[in-house]
Structures are given as structure tokens and as C-alpha cells.
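Student: build the 3D model from these lines:
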Amino acid sequence: MRLSEYADHDAVGLASLVAAGEVAPRELLDLAIEACEAVNPRINAVIATDFERARRAARADLPDGPFRGVPFLVKDLTVEEGKVTTFGSVFFRNFTAETSATMVSRMLATGLISLGRTSTPEFGLLPTTEPTLFGSTKNPWSLDHSPGGSSGGSAAAVVAGVVPMAHASDGGGSIRIPASACGIFGLKPSRGRMPRFPASAADIVSTDLCVSRSVRDTATMLDATHGAVPGDRYFVAPPDRPFAEAVARDPARLRVAYSLHDLRGERLDDDCIAAVESTATLLDELGHEVIEGRPVLDADALADAFLELWAALAANAFELILAEVGRRRIGRAMKRVLGDHRTLRVLARLDERKTGMPAFEPFTRMLVDRSRRLSQGHYLLTDAYLQATSYELARFFESCDVWLTPTLGSAPVRIGEIDQSVEWEVIREQVERYVPFTPIANFSGRPAMSVPLHWTGNGLPVGSHFLGEPGAEATLLGLAGQLERARPWWNRRPPSSIDAT
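Tutor: Presented below is the predicted three-dimensional model:
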């Protein structure tokens, strides 16, 4: 198999070739390594590789799952036993995980071969992927632009052709944002659909799945990995039939509401309007009922509440990870003497002297400092407000099955455009403008997806975002499959991809 042939298949297609004996897992792995070495120096998406370990896995008896023998990448925000997990942070550059997330274990049990890890912003907090530790990940459609975040490394590697599908996670849009910016498919499952071990307070908004070039790859991965584990705080009823079956058949006629305005009532960016209008026209041609409409929500109060929740969750994750590092570096006894916050200051100061770089990035510090100024009671009020907003959203869905918006507030931003060096209010406004819709799915627990149906005149992708009913991934996947057949995106390849090497 040549490299161009490798890029012509999705993960399901490659696995079928392995199953038929037409190609060996080690041959696919060698092609993925060749692809990585060819394009990664330009896009900086893969930040750690373990090719020899991957080759040993390819020669061994792989699990007999739906992706047996297919190369894969894991986002560097999720722990794998025995592997360095940096969380995109200078401070954690040598942190080796002592356990694996259930999601990673389930993914590898499908027969995938992990060859490395993909870049993420520090702790996955920003919608771009520009960590101090590894430098900026570039968008394969334009190296001056960001691939989005926080699963930006995974999305860039997929659209560039390194692997057909990669692990991703989503706490405020981090699957859908890079899917939009890179012109691929991304689905965020419902709250409780996916396993969450090891747990954190972020489980209320965060979940895992993948980014992929085909809808059926995501659906097949969802079939293979969904289901809470004993002890998870949330769960959702299992589907009546496999999700992959939904992709292959057109959905029943859906009521689709679409909006050309953001939640403040301001008209959207021209590229986003073009994407939504084009998608709405296509839906109408496919026989769906398409109406203009949006929920009436207090955009400013909602943004305040989600950012306060985001800050609290960031601080929680920060302290949990720090406590583990403190245990390993200085021991429990000394940690008790210093106390959590003093431990942080001491370890960070020592690390900064050693590396000559700040231990933590400005946006991380802003969020953690902001959270520490808020009381526990305020956090509970914030959570209650977001729940009340979820009820308002549910009332809006009485008039529709799906809500269509652009995934992002604009086409992909330029690298450095979202600037951590500015004051809090400035970067907050930048983030809110760029990510006006995706967090709604996270705090409400609803499934949502970004579908690549539009490109700007400059050749940059703009995703169409669909928000669905809780537990209704099959409806979204069925719609995505129908849209994929009606307006295929498979043959669109960016300038920085293995086809261009």
C-alpha cells in the first residue's frame, strides 16, 4: 500500500483491509509513521512518539475489535499508564501516569495501535493549541491559523492524514472547535454516555470520544466505547441499536431551528452566516422542516456563569494534579507542613528557576486565581443558574429536534490572535466571541456535533454545529450521515497533508 492509498481510507476501511488479509497492521503502522515524519515538522501536532512500542504492538496479537490494526493517537490531556502525560504544561513535562483512563483502555481494546500523543493547550483551557511547552500547532489548511483547541493536535493530525481518527475530549467545545477549524467531523456525546474514570469535578461538563474524517468512524468508536463504569456519577440509557446503523440510513423528517444571530442578538460573522444558510438550504432540500429560531437566553449572565464554572473546574483539576506531583516530589509529610497553596508556590518557583520559563501559563493563573476568590456558595449559585438555563433550553426544544448554528464565531483565528498576555476582560471577550455556542452542550449535557459543510473563499473550513436532545446521538449521527452523502467532504485535502508531500 502506498501512502496515498492509506489516506484514501477511513479507520473502518483500513480495519476491513486488515481483516481481509489485504494489509498487515505493521504495514499500516509504517505508513502512519512515514506520514507523521513527513508532515508533523510543519504542523507540530504530534508532540510525543513511541514508534518502537507501537511496532511491538503491531507484531503481537492485537485485540479483535472493529479497528484492529489501525494507527491511532491519544490526546496529551488523558493519562496512559507508563507514559508521560504533560497536560500541555511546562510544570508537568516529566509527569508519568501510573494508571490509564478507562476511555483510553477501551479505545485500545478495539485493536487500535497508539503511536504517540497529540498537543493540547495547558490543561485544555483555551480554544487554540499554543502551549508554551511545545509551541503552536498549525492548521494544515493554513499554517498561519490555529487548528482550534483543545483537541487541536488530534484534529490537525487527522486532517493532515497521519491517522484517520484520533482521541479527543470536550469540556466546552474541545472536540467540535478543532473539528470545525480543521474541516473534519466531531461529536460530543451526552453527559453520562462515556466512562469517566479517573473522575474529576469536570465530569459535569467533560467527556471523551474522537475526531475523524468520516461519520461512520465516530459512530463505530462510540459503539465500542460507550457506557458508564460502576461508580460514575452520571449515566444515560444505552441505545436500542448500534449507532453505526443510524449513519447508514436517512433520519426521519426533523424540525431544525437555525440562527443567524448569536445569543446577544448580534448578527453573525459573514462566513458563519454563509455556512448556516448553505446548510439550512441543504436540509430543506433533504426534506427536513427548517425554521429560523433560537432560545431566548441571557447571553452575558450565561457567559459569566460558564466562565466561573470553568474557573472552578480548572482550579479543581489543577489542585488534584498538583497534589499528585507534590506526593511524588516531596512526600506527604512535607506537603502537610507546607500546605497545598504554599506547596504550589514552592514547587512552581523551583521549576521556573530550573527551566527559565513560567511554570504555568497566564490564562491558567487567571482562572485559578479567579476561582480562589469565589466562595463555595457562589459556585453552587453558578451551578444552579446553569441548570435553570438548561430548563429554558429544554422549553425551546419543544419546538424543534435540532438547533443549527455555526460551530465557531468566525473562521479559524490566526495563531496568537487569542492572546494570553492581555488582561482578563480582554481575553475573556476574545474567547466568548470565538466560542459563542459550543459550551451550551456541555453545561446542559446534550449531544452536539460539528459537520464540515462549508469553506471560505480563502479555503478555511467553517463547521455547522448541531445541538440535539439528551441521549439522542443516533439522531445526530443519522443526520450527519445523510449530510455526508449529500455533500461529501472526504476528498477535500489541505495544503499541508501527506497528499502534498
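Student: can you tell me the helix or strand for R117?
Tutor: Per DSSP states H and E: R117 is located in strand 113-118.
Student: contact partners for the residue most central in space within the chain?
Tutor: In the chain, the centroid-proximal residue (C-alpha atoms, centre = their mean) is I175; its distance is 2.3 Å. If you count contacts by C-beta atoms under 8 Å, 6 or more residues apart in numbering, I175 has them with S151, A168, S169, G186, L187, K188, L209, C210, V211, S450. For the C-beta atoms, the positions are set from N, CA and C on the backbone; glycine is no exception.
Student: circling back: next structured bit after the strand holding R117?
Tutor: Next in sequence after strand 113-118, counting helices and strands by DSSP H and E, comes helix 152-160.
Student: other SSEs contacting that following helix?
Tutor: Packed against helix 152-160 by the contact rule (3 or more C-beta pairs under 8 Å, 6 or more residues apart in numbering; DSSP states H and E) you find helix 25-43, strand 46-49, strand 71-75, strand 113-118, strand 165-170, helix 176-182, strand 207-212.
Student: the shortest one packs against which elements?
Tutor: Think strand 46-49. Secondary elements touching strand 46-49 (3+ C-beta pairs under 8 Å, 6+ apart): helix 25-43, strand 113-118, helix 152-160.
Student: give the buried residues for that strand.
Tutor: Buried residues in strand 46-49, counted by 16 or more other C-beta atoms under 10 Å: V46, I47, A48, T49.
Student: so which pair among these is furthest apart in space?
Tutor: Taking C-beta to C-beta, the two most distant members of those are I47 and T49; they sit 8.6 Å apart.
Student: what touches both of those two?
Tutor: Common contact partners of I47 and T49 (C-beta under 8 Å, 6+ apart): G116.
Student: quick one: A315 and S371 touch, right?
Tutor: Yes: counting by C-beta atoms under 8 Å, A315 does reach S371; the two are 3.7 Å apart.
Student: before we move on, back to that, what angle sits between the strand holding R117 and helix 25-43?
Tutor: For strand 113-118 against helix 25-43, the angle by axes from the mean of the first three to the mean of the last three C-alpha atoms, to 10 degrees is 10 degrees.
Student: picking up where we left off before, out of the helices and strands packed on helix 152-160, deepest packed?
Tutor: Among the helices and strands packed on helix 152-160, ranked by average contacts under mean count of other C-beta atoms under 10 Å, first place goes to helix 176-182 (a mean of 34).
Student: what sits against G227?
Tutor: Taking C-beta under 8 Å, 6+ apart as the test, what G227 contacts is R193, M194, P195, F235, P238.
Student: from G471, how far off is the fourth one?
Tutor: Yep, that's F235 we're talking about. Separation of F235 from G471 (C-beta to C-beta, to the nearest Å) stands at 10 Å.
Student: confirm that I273 sits in a strand.
Tutor: No: using DSSP: H, G, I helix; E, B strand; the rest coil, the assignment for I273 is helix, not a strand.
Student: what is the burial count for it?
Tutor: I273: 15 surrounding residues under other C-beta atoms under 10 Å.
Student: now swap in the one 3 residues further on and tell me
Tutor: Look at V276: counted by other C-beta under 10 Å, it has 23 neighbours.
Student: element containing it?
Tutor: For V276, the host element (DSSP H and E) is helix 270-285.
Student: tell me the mean pLDDT for that helix?
Tutor: The pLDDT scores in helix 270-285 average 98.
Student: same thing with stretch 83-95?
Tutor: 92.
Student: circling back to that earlier point, output the helices and strands packed on strand 46-49 as CSV; include the columns mean pLDDT and distance to D383.
Tutor: Formatted as CSV, those follow (pLDDT from 0 to 100; distance: least, C-beta to C-beta, whole Å):
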stretch, mean pLDDT, distance to D383
helix 25-43, 98, 38
strand 113-118, 98, 31
helix 152-160, 98, 28
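Student: nearest to D144, of these?
Tutor: Of all the helices and strands packed on strand 46-49, helix 25-43 comes closest under C-beta to C-beta, at 12.1 Å.
Student: gap between the closest one and the chain center?
Tutor: The chain centre lies 22 Å from the centre of helix 25-43; the measure is C-alpha atoms, centre = their mean, to the nearest Å.
Student: what of stretch 43-59?
Tutor: So, by C-alpha atoms, centre = their mean, the centroid of stretch 43-59 is 21 Å from its chain's centroid.
Student: and that stretch, how far apart are its ends?
Tutor: Using C-alpha to C-alpha, to the nearest Å, one end of stretch 43-59 lies 29 Å from the other.
Student: please apply the same query to stretch 429-439.
Tutor: By C-alpha to C-alpha, the extent of stretch 429-439 from end to end equals 15 Å.
Student: quick check: mean pLDDT across it?
Tutor: For stretch 429-439, the mean confidence score works out to 96.
Student: let me have the helices and strands packed on helix 152-160 in TSV, extended by distance to A486.
Tutor: Shown next, in TSV, are these (distance: least, C-beta to C-beta, whole Å):
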stretch	distance to A486
helix 25-43	29
strand 46-49	33
strand 71-75	29
strand 113-118	31
strand 165-170	22
helix 176-182	18
strand 207-212	18
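Student: can you tell which of these is closest to Y434?
Tutor: Of all these, it is helix 176-182 that lies closest to Y434, at 8.4 Å by C-beta to C-beta.
Student: got the CA positions of that closest one in PDB?
Tutor: Extracted C-alpha coordinates of helix 176-182, given in PDB (Å, rounded to 0.1, in the frame of the first residue of the first chain):
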ATOM      1  CA  ARG A 176     -16.200  20.400  18.000                       C
ATOM      2  CA  ILE A 177     -14.000  23.500  17.900                       C
ATOM      3  CA  PRO A 178     -11.000  21.800  16.200                       C
ATOM      4  CA  ALA A 179     -13.300  19.700  14.100                       C
ATOM      5  CA  SER A 180     -14.700  23.000  12.700                       C
ATOM      6  CA  ALA A 181     -11.300  24.700  12.300                       C
ATOM      7  CA  CYS A 182      -9.800  21.600  10.500                       C
END
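Student: just give me how far the helix or strand harbouring Q482 sits from the chain centre.
Tutor: Element membership for Q482 (DSSP H and E) is helix 473-486. Put simply, helix 473-486 sits 19 Å off its chain's centre (C-alpha atoms, centre = their mean).
Student: how far off strand 207-212 does that helix point, in degrees?
Tutor: Using the same axes, to 10 degrees: helix 473-486 against strand 207-212 is 10 degrees.
Student: flag the shaky bits of the chain, pLDDT-wise.
Tutor: Along the chain, segments meeting pLDDT under 70 span 318, 320-345, 500-501.
Student: sweet, I'm off.
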